[in-house]
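[1] all I have is the shape, not the residue letters:
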């Protein structure tokens with residue numbers, strides 16, 4: 001059971017509410033998210049694209065755009081090299097679209113996860129050179145490709161890096177960056193960068209690069225260009241969500257803009273993918289990006305070639321796009337089955353520890369498809385709330401791994417501390433990828449745990465409540481105001497409230513899989529509300545009722561029969577439910593205690 005902790009950040013909520021024309025409840029929600037000044041509140045509530053940061057503030061971006069403009073004008077054949085996930089595919093699509101818009105001769109290659117490995121490889125450099133490419137621009141990778149870019153420079157190639165991953169530093173001096181020897185390196189994580197908000201994804205860096213490139217190419221700032229950036233904002237927003245960037249600052253703005261633009265998208269492939277997954281383009285949300293259409297694009301890089309995902313986005317024939325979209329959906333369905341089996345195997349492996357789990361879990365699964373390591377690490381992490389690394393064989397003397405972290409553990413820094421054991425690594429605080437020799441697996445496990453500074457408190461699951469809010473305070477006006485705080489996700493959690501003395505009146509099990517309960521509940525004032533119980537909460541709900549009120553009483557509750565009074569405390573989210581044009585308040589149960 002999670003520990004309930006109410007966020008208690010002080011402020012004069014009535015004054016904030018009065019000055020900004022909002023309710024004191026919303027003022028407190030904003031304070032909980034460290035949004036305090038009137039200027040920040042206005043930006044947060046309106047999420048206007050005029051608040052996007054000036055791309056020229058990124059170090060090297062003007063230099064990079066000037067080099068690219070020269071190469072386009074010189075008639076160079078340009079190659080974009082991205083990555084095999086959603087961010088890599090979307091950033092590659094933004095770059096090739098923008099460079100083509102500027103008149104460039106450009107194509108793209110995405111690494112094959114197994115044949116090429118992550119990011120820019122010597123093989124991809126040689127292939128580009130053999131095919132007559134003299135300029136390479138990377139996206140969502142390249143910051144760690146020191147040797148590969150040095151090789152490209154020896155061949156006389158022009159190389160521009162656009163990336164967002166952590167920059168390596170000298171072991172002797174953490175203030176000394178180790179940058180690749182590219183002609184220009186654009187990465188908001190550079191130590192000498194003064195960009196106001198560095199937590200942007202690779203596609204956002206690509207988006208900003210194209211903004212500057214169109215200026216250098218003196219493209220007319222007309223409706224055509226405005227429409228182009230509206231279109232590209234869809235892919236920057238999609239990648240922002242799928243790369244689990246914090247939904248703060250300009251990330252919220254670009255994601256919100258992407259939702260606005262997606263119903264009018266010209267992209268035939270994206271429209272086909274929405275149809276294949278039965279998604280209404282007017283109802284796209286962070287959930288749809290992250291858990292429905294994003295995994296379809298990701299599945300290509302995991303089980304096939306990410307080039308198939310890029311082909312979908314660049315396809316101009318609607319019939320061909322429909323075929324690719326269906327193929328991607330089926331590939332993702334297959335990935336789901338393999339993931340479920342892999343997670344079960346991983347949980348069985350760590351069951352050998354009993355209740356004495358090590359701080360950092362290193363799970364070696366030689367037979368696992370290496371593309372699933374990260375997903376399974378994430379699933380196990382959700383179960384046990386420990387940092388998890390999943391390692392798998394590559395067919396030689398190396399193993400590859402992916403990690404997913406918890407809030408108190410910086411994964412990239414942890415890998416940096418044992419870099420002597422690794423052949424390659426990269427990532428950020430919450431996720432990382434790496435490879436090492438098979439003989440070093442046990443030493444790697446020991447080093448991570450010896451260096452761990454985690455405490456028992458770090459492993460305790462905490463449910464952070466915005467406030468105790470009795471149900472009687474809910475209103476349509478409040479919920480519509482709270483909706484302005486969306487989109488919700490990493491770094492901008494959906495408001496979570498608690499209420500005491502909630503009486504369960506009646507309920508029924510619904511859904512084709514009978515895994516949802518629709519409840520009617522009553523507050524202290526006698527007002528009735530609909531409450532939904534589903535997802536992981538559902539798995540515990542019936543057991544909770546049986547334990548606290550008895551199985552017979554639970555059955556009576558569901559059958560509409562008389563039952564004893566059932567009063568509980570709930571942690572909940574409040575939403576507006578629309579049905580046949582009518583709006584009503586709906587409570588979504590997130591946790592419960594007697």
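    It's in. Just so it is clear, the model here is predicted, and its values are computed rather than measured.
[2] quick check, pLDDT for the most centrally placed residue in the chain.
    Against the mean C-alpha coordinate of the chain, by Cα atoms, centre = their mean, the closest residue is residue 244 at 2.0 Å. Per-residue pLDDT puts residue 244 at 87.
[3] for it, give its distance to residue 402.
    13 Å (Cβ to Cβ, to the nearest Å). C-beta here means a position set from N, CA and C on the backbone, and glycine is covered the same way.
[4] residues bridging contact with the two, i.e. touching both?
    Here residue 244 and residue 402 have residue 431 as joint contacts, going by Cβ atoms under 8 Å, 6 or more residues apart in numbering.
[5] in the longest helix along the chain, what's buried?
    When the chain is parsed with DSSP state H, its longest helix is helix 318-350. By neighbour count with 16 or more other Cβ atoms under 10 Å, helix 318-350 contains the buried residues 321-322, 324-329, 331-332, 335, 338-339, 342-343, 346, 350.
[6] what's the answer for stretch 358-375, then?
    In terms of neighbour count (16+ other Cβ under 10 Å), stretch 358-375 has its buried residues at 358-365, 368-375.
[7] ok so residue 500 is a helix residue?
    No: counting by DSSP: H, G, I helix; E, B strand; the rest coil, residue 500 is not found in a helix; it is strand.
[8] and the gap between the closest residue to residue 366 other than its chain neighbours and residue 373?
    Leaving aside its chain neighbours, residue 366 sits nearest to residue 393 (4.3 Å; criterion: Cβ to Cβ, 6 or more residues apart in numbering). Using Cβ to Cβ, one obtains 11 Å as the distance from residue 393 to residue 373.
[9] so what's residue 180 closest to, chain neighbours aside?
    Closest residue to residue 180 apart from its sequence neighbours, by Cβ to Cβ, 6+ apart: residue 149 at 4.2 Å.
[10] which other helices and strands contact whichever strand or helix holds that neighbour?
    Here residue 149, judged by DSSP states H and E, is contained in helix 146-154. In this structure, helix 146-154 makes packing contacts with helix 122-130, strand 158-162, judged by 3 or more Cβ pairs under 8 Å, 6 or more residues apart in numbering; DSSP states H and E.
[11] residue 496 is in contact with residue 571, isn't it?
    Yes: Residue 496 is within contact range of residue 571, at 6.1 Å (criterion: Cβ atoms under 8 Å).
[12] shared neighbours, these two?
    Applying Cβ under 8 Å, 6+ apart, one finds that residue 496 and residue 571 are jointly contacted by 463, 465, 590.
[13] so residue 575 sits in a strand?
    Yes: according to three-state DSSP, residue 575 belongs to a strand.
[14] my guess is it contacts residue 479, does it?
    Yes: look at residue 575 against residue 479 with Cβ under 8 Å: they come within range, at 7.0 Å.
[15] give me the common contacts of these two.
    Jointly contacting residue 575 and residue 479 under the rule Cβ under 8 Å, 6+ apart are residue 585.
[16] now the helices for the stretch 201-350 of the chain?
    In the stretch 201-350 of the chain, the helices defined using DSSP state H, counting those that start in this stretch lie at 202-216, 223-242, 249-261, 268-276, 286-288, 294-303, 307-314, 318-350.
[17] hang on, the earlier thing: inside helices: which ones of the buried residues of stretch 358-375?
    Those of these lying in helices (DSSP H): 373, 374, 375.
[18] re earlier: and the spatially closest residue to the residue nearest to the centre of the chain that is not a sequence neighbour, how far from residue 309?
    Spatially, and ignoring its direct neighbours in sequence, residue 244 is nearest to residue 490 (4.9 Å; Cβ to Cβ, 6+ apart). Between residue 490 and residue 309 the computed distance is 22 Å (Cβ to Cβ).
[19] SS state for residue 414?
    Taking three-state DSSP, the label given to residue 414 is helix.
[20] what about it, how many residues nearby?
    Applying other Cβ atoms under 10 Å, we find 23 other residues in the vicinity of residue 414.
[21] would you confirm that it contacts residue 450?
    No: between residue 414 and residue 450 there is no contact under Cβ under 8 Å: 11.1 Å.
[22] buried set for the helix holding residue 149?
    In helix 146-154, counting by 16+ other Cβ under 10 Å, buried: 148, 149, 151, 152, 153.
[23] out of these, which is nearest to residue 114?
    Lowest distance from residue 114 to the buried residues of helix 146-154 (Cβ to Cβ) belongs to residue 148, with 17.8 Å.
[24] how much space separates that closest one from residue 123?
    Distance, residue 148 to residue 123, using Cβ to Cβ: 9 Å.
[25] try residue 529
    60 Å.
[26] more neighbours, those two?
    Taking other Cβ under 10 Å, residue 529 and residue 123 do not tie; residue 529 has more neighbours (21 against 14).
[27] just checking, that one is part of a strand?
    Yes: using three-state DSSP, the secondary structure at residue 529 is a strand.
[28] ok, now which ones touch it?
    471, 474, 520, 521, 522, 523, 585, 586, 587.
[29] neighbours around the fourth one, how many?
    It refers to residue 521. Around residue 521 there are 24 residues (other Cβ under 10 Å).
[30] give me the contact list for the helix or strand hosting it.
    According to DSSP H and E, residue 521 maps onto strand 516-522. Strand 516-522 is contacted from outside by 471, 502-510, 528-534, 538, 541, 558, 587, 589, using Cβ under 8 Å, 6+ apart.
[31] quick one: average pLDDT of that strand?
    pLDDT averaged over strand 516-522 gives 96.
[32] so which bits of that strand are buried?
    For strand 516-522, a neighbour-count test (16+ other Cβ under 10 Å) marks 517, 518, 519, 521, 522 as buried.
[33] quick one: it to chain centroid distance?
    Between the centre of strand 516-522 and the centre of its chain there are 31 Å (Cα atoms, centre = their mean, to the nearest Å).
[34] and it, which strands flank it?
    In the sheet containing strand 516-522, its partner strands are strand 497-510 (antiparallel), strand 528-533 (antiparallel), by DSSP bridges.
[35] of these, which is nearest residue 101?
    strand 528-533 (45.5 Å).
[36] residue contacts, residue 453?
    Residues near residue 453 by Cβ under 8 Å, 6+ apart: none.
[37] okay, and it sits in which element?
    Using DSSP H and E, residue 453 is not contained in any helix or strand.
[38] same thing with residue 589?
    Short version, using DSSP H and E: residue 589 is in strand 582-593.
[39] measure how that strand sits relative to strand 528-533, angle-wise.
    60 degrees (axes from the mean of the first three to the mean of the last three Cα atoms, to 10 degrees).
[40] and the contacts of strand 582-593?
    If you take Cβ under 8 Å, 6+ apart as the criterion, strand 582-593 is touched by 1-2, 4, 463, 471, 474-476, 479, 496, 519, 521, 529-534, 537, 541, 544, 568-577.
[41] same deal with stretch 12-31?
    9-11, 36, 38, 41-42, 44-45, 466-467, 469, 473, 477-478, 481-482, 485, 495.
[42] same check on stretch 414-427?
    The contact list for stretch 414-427 (Cβ under 8 Å, 6+ apart) reads 117-119, 143-144, 165-166, 168-169, 171, 360, 387, 398, 403, 411-412, 432-437, 440, 443-444, 447-448, 451-452.
[43] where do the helices sit along the stretch 351-500 of the chain?
    373-384, 411-417, 441-451, 456-459, 476-483.
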